[in-house]
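S.K.: Fold the following and give me the result.
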Amino acid sequence: MSVAKHEFTKKIIEVLNYHLPIQGEEILNHSQLLQYLNIKTKAANRGSKSRAGLGNLYAIYVLVEDYLRNEFHLKNGYDEYEGVQFITLLRRQRELPFGNKLQNHALNHRLNEEFKKYFPTLDSVPVIRDAKTNRYWINENLIKFSINETKINIAEAIIKIINAYVEARTEAFSEFMRYCQQIIDIQQQEPWRAIEFIQGLLRPNIDARVFEIVSYAILKEYYGDQKIYWGWSQDELNTEYLILYKTGRTNANDGGIDFVMKPLGRFFQVTETIDAGKYFLDIDKVQRYPITFVVKTEQTSQQILSKVEEQAKSRYNIKAIVKRYME
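M.R.: Next up is the predicted model:
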């Protein structure tokens, strides 16, 4: 079975060709774990909509790294190995680039659950765990196999592939930071170039994290010139400019709200999807308090509203509920 290719797939095949005796594309088509890596590395190019997905990749990385450290790629006996302690794996994950905030979710269940979603008919999952001893193993069935009687072990290649992906993500982020420095340098002399730069960051294929950062910058500037007058009586009014605050971490899958405004107390949620279920869930999170959705799309606001309403009608089938949410 051939796999769907993207920009980073070429790098995966290049690594496999270098480290293994069979053509890399054939190995990629044979290995579900490599196919999973191929899916998770779509975000290597900075124009991808995908998240970096490092949590699940690093779970694979640290387990395979332990496998290699004990030289099981050169000898047998992994089935008798006592396994590696969770705290050792978590500590190592947090030493890796962008990994200092990672939690235990990927090692404990998230990686296996996502893997099963992509390969529902496969019996094997990447992480084997003994909950009693809290020790972990990589599933050797996924990294050690034969193709036409040629024995293949992809452990070393997996480490090289994930390292290459992290390097690509690091370069993409460094490039964005260089662009930001450029905009600081040029805005005084050539403001039109600064505007072009910002418009470029709003393209549909731009990384979700960048879109969230740029959205915040634009909204903060837009509302920063607006002020309101409030007070306990007409004679004693306070004057305050609107201030937008960022909450949580950029593009974190934490279920939180992205921005909040003072003193009006309005919420903003940045999203790339047009999904009535997600929108209504966010509305419920803030107890139906006013919320603005900042959507990455080339469609108009009215087109999005119409799509959300269509989805809501087919999903809930109760006009009163749909009407209340749409309002």
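S.K.: going forward, measure contacts and count neighbours with C-alpha atoms only.
M.R.: Fine.
S.K.: how about the strands in the chain?
M.R.: Along the chain, counting by DSSP state E, strands occupy 84-85, 127-130, 135-138, 144-147, 150-153, 227-233, 236-241, 243-246, 259-262, 267-271, 291-295.
S.K.: want to throw these into TSV with distance to R315?
M.R.: Compiled in TSV, the strands of the chain are given as follows (distance: least, CA to CA, whole Å):
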stretch	distance to R315
strand 84-85	45
strand 127-130	36
strand 135-138	40
strand 144-147	45
strand 150-153	47
strand 227-233	40
strand 236-241	41
strand 243-246	32
strand 259-262	28
strand 267-271	20
strand 291-295	20
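S.K.: so which of those strands comes closest to Y67?
M.R.: strand 135-138 (7.6 Å; CA to CA).
S.K.: Pick the most buried one from the strands of the chain.
M.R.: strand 135-138 (a mean of 22; mean count of other CA atoms under 10 Å).
S.K.: quick one: contacts of it?
M.R.: Residues outside strand 135-138 that contact it (CA atoms under 8 Å, 6 or more residues apart in numbering) are 60, 63-64, 67, 82-86, 126-130.
S.K.: what's the farthest-apart pair in these?
M.R.: I60 and E82 (17.8 Å).
S.K.: picking up where we left off before, and the strands of the chain as TSV, adding mean pLDDT and distance to I304?
M.R.: Supplementary listing: the strands of the chain in TSV, determined by pLDDT from 0 to 100; distance: least, CA to CA, whole Å:
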stretch	mean pLDDT	distance to I304
strand 84-85	94	48
strand 127-130	93	40
strand 135-138	94	44
strand 144-147	91	48
strand 150-153	92	48
strand 227-233	91	30
strand 236-241	92	30
strand 243-246	92	24
strand 259-262	92	21
strand 267-271	90	12
strand 291-295	90	9
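S.K.: Please say which of I60 and E82 ends up with more neighbours.
M.R.: Taking neighbours as other CA atoms under 10 Å, I60 and E82 compare with I60 leading, 26 against 11.
S.K.: wait, isn't the more buried one in contact with P126?
M.R.: Yes. Between I60 and P126 there is a contact at 7.4 Å, judged by CA atoms under 8 Å.
S.K.: Compute the number of surrounding residues for N108.
M.R.: N108 has 18 nearby residues by other CA under 10 Å.
S.K.: tell me the contacts of it?
M.R.: Shown in contact with N108 (CA under 8 Å, 6+ apart): R129.
S.K.: N134 versus that one, what's the distance?
M.R.: Distance, N108 to N134, using CA to CA, to the nearest Å: 10 Å.
S.K.: cool, I159 as well?
M.R.: 24 Å.
S.K.: more neighbours, those two?
M.R.: Using other CA under 10 Å, the more surrounded residue of I159 and N134 is I159, with 20 against 13.
S.K.: show me where the stretch 151-300 of the chain has helices.
M.R.: 155-186, 191-200, 208-224, 276-285 (DSSP state H, counting those that start in this stretch).
S.K.: Let me have the ones you listed in TSV, extended by distance to G53 and mean pLDDT.
M.R.: As requested, the helices of the stretch 151-300 of the chain are exported to TSV (distance: least, CA to CA, whole Å; pLDDT from 0 to 100):
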stretch	distance to G53	mean pLDDT
helix 155-186	10	82
helix 191-200	24	80
helix 208-224	12	86
helix 276-285	20	88
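S.K.: Many thanks, we can stop here.
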